[in-house]
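Generate a structure from the sequence data that follows.
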Amino acid sequence: MGGRNKRSRAVVDEEETAAWIAAVSGQVETQAAPPPVSPDWPAPAAAFAARMLALASTATRPRPSVSAAFGLAAILRMALAFRFRVPEWFNAIEATLSDHIRTLRSEDIIFSESARAFYGSGGASMPGTVAPSLRDLKARAALDALLFALWALAARRKQRVPHPVRVTDAIERVLLASEEGGRAVRRVLRLDSEVATSWGAAAPSNANPVWLPGASALLRLLRARWVEAIVLLEQLAASAGADAVDVSVAQGNAGARLRAALHRWWCTGRDCGARHMSFAVPSPGVIRQICGEHGSIVELGAGNGYWSTLCQRHLASRGARIWALDISPPPPWHQKVWRRPRARVCFGSAEDLGSREIASAETLLLCMPSPGESTLAEDALRAFRGPRVAYVGEWGTGMTGTRAFHTTLTHEFRLVAAVPLPAMLQTRVALHVFERLRGAAEGAPPAKAHQVCAVCGSAATLRQCPWSRSLIACSDKCWRAAEAKHLALLEFAFCGARCTDRPAFEVWDPVGWLEAGQASERDWFALAEATPQPERLT
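Residues are numbered from 1 along each chain as shown. Down below sits the predicted model:
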């Protein structure tokens with residue numbers, strides 16, 4: 001997405017600033033290492049926990065270590081996920097981490113903002129009650145954002161620490177290995193086979209692993225946090241003596257609070273991923289669809305090169321090439337912190353698509369082009385002369401690209417594939433593959449409307465679910481006919497929470513193109529909330 005912020009908004013309010021000042025005031029006294037006694041870690045995560053404990057002990061007085069801070073944060077994050085209740089140990093680890101943060105934030109202005117956001121959100125604290133609570137998600141989310149900020153700080157210093165997704169991977173292994181977790185996750189995956197397939201789910205059998213191999217780090221992050229929320233909701237229901245927690249309309253304020261908490265949980269993972277990996281979640285099938293059996297690829301607005309790197313690995317076996325261009329490429333150190341080779345992102349704009357070398361590319365890849373920015377999407381279509389365009393984004397909503405960009409694709413290209421991406425709550429991003437029309441002789445019709453009723457296929461007077469944006473209907477009749485599918489989608493999106501009813505059709509949001517300055521304040525805010533916000537968290 002070119003590394004550009006999509007929509008700026010304030011990160012820290014006065015209360016967060018006050019919390020930050022209180023947290024960082026006082027003399028910094030860095031402890032050399034965490035207490036030697038720690039809980040017994042579950043077997044699937046024991047080796048990784050030992051490695052993080054070793055990292056946490058690398059600090060030396062008087063200067064703290066980024067590696068040590070990362071290890072401490074990872075230990076706390078796993079302790080919260082596994083609900084360890086060892087107050088003295090937990091509090092000592094937390095205090096040591098705070099000492100490190102106080103010093104590190106004074107040395108790096110970017111990390112300073114992340115640290116302020118961490119303390120403003122409440123930081124990491126052990127749950128105050130034995131029973132699970134939705135408040136548990138807030139502390140876990142704060143540590144997720146902090147881990148990404150520490151990883152980025154280490155990268156800027158040309159140091160290596162484990163990728164934050166390694167932490168969520170370790171947590172997921174433990175949760176899926178438990179009878180309770182594995183059963184709950186498989187139950188939710190069976191609700192919608194299409195969505196489960198896009199997420200890389202294996203055949204629904206207790207004898208099989210839950211996921212197929214080969215997922216990108218961003219997809220693994222999405223899935224691991226979804227699994228974690230499912231298990232927490234199962235624990236919440238068990239502690240209340242219920243079959244499941246409920247997000248239905250009939251639950252009133254209690255249901256609304258649960259939906260809001262789960263939405264915030266989704267947003268943390270989504271926005272961390274947007275800043276450090278990609279605005280859209282790739283799956284192995286989507287990468288194969290982009291590369292196909294065609295030749296070289298050029299990506300414009302490549303950002304940090306996440307999608308280009310995945311395509312490059314797929315193309316390497318047949319000798320095809322990918323060019324990754326952006327008007328703000330990542331700094332040179334970014335290339336050196338990864339353990340596997342990555343696509344090199346070079347400075348370039350739409351004008352460079354006509355250069356002699358790049359003109360040989362057969363496919364133009366545009367991943368989540370910035371909204372309303374004609375110099376990326378529109379100019380790219382005008383300059384590119386190859387036969388294929390792979391567009392990753394939302395079709396016709398205003399979240400990505402421009403209206404003129406979508407119009408050009410509709411009239412000058414034909415749609416050959418539309419593949420939904422692994423979806424997060426309130427997004428319906430897809431890969432759209434187009435082939436250029438080469439004249440009237442082909443007789444190919446224009447691309448069909450991408451926004452249609454999920455029941456009858458109509459493209460008129462469409463409305464979308466305000467909770468998830470994942471289902472579209474054209475009438476109250478179709479709304480009723482889609483009830484079973486819709487409830488399954490909502491239960492999937494809300495991490496297995498029971499959903500026995502849903503918003504009435506008359507309160508659904510109209511579907512259509514939204515433009516800054518033209519859409520209502522309510523509609524524009526809703527679209528902004530659904531859009532990844534990389535500048536918001538870290």
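
for residue 497, what are its contacts?
When contacts are counted by CB atoms under 8 Å, 6 or more residues apart in numbering, residue 497 touches 233, 244-247, 258, 262, 491. All C-beta spots, glycine's among them, are computed from the backbone N, C-alpha and C.

Go through these and give me the one with the most neighbours.
residue 247 (28 neighbours; other CB atoms under 10 Å).

so what's that residue up against?
255, 258-259, 262, 490, 494, 497-499.

Report pLDDT for it.
Looking at residue 247, its pLDDT reads 92.

what's the answer for residue 9, then?
Residue 9 is assigned a predicted lDDT (pLDDT) of 40.

Tell me the buried residues in stretch 105-113?
Neighbour counts over stretch 105-113 (16 or more other CB atoms under 10 Å) mark 105, 108, 111-113 as buried.

let me redo that: stretch 137-156
137-155.

Check the offset of it from the chain's centre.
Relative to its parent chain, stretch 137-156 has a centroid offset of 14 Å by CA atoms, centre = their mean, to the nearest Å.

Could you do stretch 482-501 as well?
21 Å.

try stretch 152-167
The answer for stretch 152-167 is 18 Å, by CA atoms, centre = their mean.

repeat for stretch 190-209
20 Å.

same deal with stretch 249-257?
On CA atoms, centre = their mean, the centre of stretch 249-257 falls 26 Å from the chain's centre.

which outside residues touch that stretch?
For stretch 249-257, with CB under 8 Å, 6+ apart as the criterion, the contacting residues are 134, 246-248, 258, 500-503.

mind listing the strands in the stretch 251-400 of the chain by residue range?
297-300, 322-326, 345-347, 363-367, 388-393 (DSSP state E, counting those that start in this stretch).

Which neighbouring elements make contact with the third one?
Strand 345-347 is packed against strand 322-326, with contacts defined by 3 or more CB pairs under 8 Å, 6 or more residues apart in numbering; DSSP states H and E.

The strand it packs on: partners in the sheet, and parallel or antiparallel?
Partners of strand 322-326 in the sheet, by DSSP bridges, are strand 297-300 (parallel), strand 345-347 (parallel).

Just say which of the strands of the stretch 251-400 of the chain is most tucked in.
strand 297-300 (a mean of 28; mean count of other CB atoms under 10 Å).

and it, what's its mean pLDDT?
The model assigns strand 297-300 a mean pLDDT of 97.

Would you mind measuring from residue 261 to residue 141?
Relative to residue 141, residue 261 is positioned 10 Å away (CB to CB, to the nearest Å).

looking at the strands paired with strand 322-326, which is closest to residue 42?
strand 345-347 (39.2 Å; CB to CB).

what about that closest one, distance to the chain center?
Distance, centroid of strand 345-347 to centroid of chain: 24 Å (CA atoms, centre = their mean).

now swap in stretch 305-316 and tell me
With CA atoms, centre = their mean, you get 19 Å for stretch 305-316.

again with stretch 277-289
Remark: stretch 277-289 is offset 12 Å from the chain centroid, using CA atoms, centre = their mean.

got a list of contacts for it?
With contacts defined as CB under 8 Å, 6+ apart, stretch 277-289 is touched by 1, 6, 198-200, 212, 214-219, 221-222, 273, 303-304, 306-307, 310-311, 314, 367-368, 390, 392-393, 417, 419, 421-424, 429, 431, 433, 532, 534.

if we go to 7 Å?
Residues outside stretch 277-289 that contact it (CB atoms under 7 Å, 6 or more residues apart in numbering) are 1, 198, 200, 214-219, 222, 306-307, 310-311, 314, 367-368, 392, 417, 419, 421-422, 429, 431, 433, 532.

Kindly report the same for stretch 457-475.
Contacts for stretch 457-475 (CB under 7 Å, 6+ apart): 259, 423, 425-428, 449, 451-456, 479, 482, 486, 489-490, 493, 503, 505, 507-511, 530.

Name the residues of that stretch that are buried.
Applying 16+ other CB under 10 Å to stretch 457-475 flags 462-465, 467-475 as buried.

Flag whichever of these scores worst on pLDDT.
In terms of pLDDT, the lowest of the buried residues of stretch 457-475 is residue 470, showing 87.

so of the contacts of residue 497, which ones are in helices?
Residues of these located in helices (DSSP state H): 233, 258, 262, 491.

I figured the third one was touching residue 228, is that so?
What that stands for is residue 262. No. Counting by CB atoms under 7 Å, residue 262 stays clear of residue 228, with 11.4 Å between them.

give the contact list for residue 371.
Per CB under 7 Å, 6+ apart, neighbours of residue 371: 6, 398-401.

Using PDB, list the CA coordinates for stretch 348-355.
Coordinates of each C-alpha in stretch 348-355 appear next as PDB, following Å, rounded to 0.1, in the frame of the first residue of the first chain:
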ATOM      1  CA  GLY A 348       9.500   4.100  -8.500                       C
ATOM      2  CA  SER A 349       6.200   5.500  -9.600                       C
ATOM      3  CA  ALA A 350       3.700   4.800 -12.400                       C
ATOM      4  CA  GLU A 351       6.000   6.600 -14.900                       C
ATOM      5  CA  ASP A 352       8.600   3.800 -14.400                       C
ATOM      6  CA  LEU A 353       6.100   1.100 -15.700                       C
ATOM      7  CA  GLY A 354       7.000   2.200 -19.200                       C
ATOM      8  CA  SER A 355      10.700   1.700 -18.800                       C
END
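
Show the average pLDDT along that stretch.
93.

and it, how far from the chain's centre?
With CA atoms, centre = their mean, you get 29 Å for stretch 348-355.

which residues touch that stretch?
Against stretch 348-355 from outside (CB under 7 Å, 6+ apart): 298, 300, 325-327, 358, 375, 379-380, 383-384.

Give the burial count for residue 242, as a bare number.
Residue 242 has 11 nearby residues by other CB under 10 Å.

for the stretch 51-200 of the chain, what spans make up the helices?
66-81, 87-104, 109-120, 135-156, 164-177, 179-189, 193-198 (DSSP state H, counting those that start in this stretch).

I'd like the ones you listed as TSV, with mean pLDDT appended.
Formatted as TSV, these follow (pLDDT from 0 to 100):
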stretch	mean pLDDT
helix 66-81	95
helix 87-104	90
helix 109-120	88
helix 135-156	92
helix 164-177	97
helix 179-189	93
helix 193-198	90
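
most packed of those?
Of those, helix 66-81 is the most buried (mean count of other CB under 10 Å), at a mean of 27.

Run the angle between that helix and helix 87-104 for me.
140 degrees (axes from the mean of the first three to the mean of the last three CA atoms, to 10 degrees).

How far off centre is helix 66-81?
21 Å.

got it, and stretch 265-274?
Offset of stretch 265-274 from its chain centre (CA atoms, centre = their mean): 5 Å.

can you list contacts of that stretch?
Residues contacting stretch 265-274 (CB under 7 Å, 6+ apart): 137, 141, 144-145, 148, 218, 221-222, 225, 229, 424-425, 532-534, 536-538.

next one: stretch 416-426
With CB under 7 Å, 6+ apart as the criterion, stretch 416-426 contacts 195, 198-199, 219, 222, 263, 266, 270, 280-281, 283, 285-286, 289, 429-435, 450, 468-470, 493, 529-530.

Low-confidence stretches in this protein?
Scanning the chain for pLDDT under 70 picks out 1-37, 59-63, 123, 125-131, 206-207, 333-339, 439-449, 535-538.

Please consider this matter closed, and thank you.
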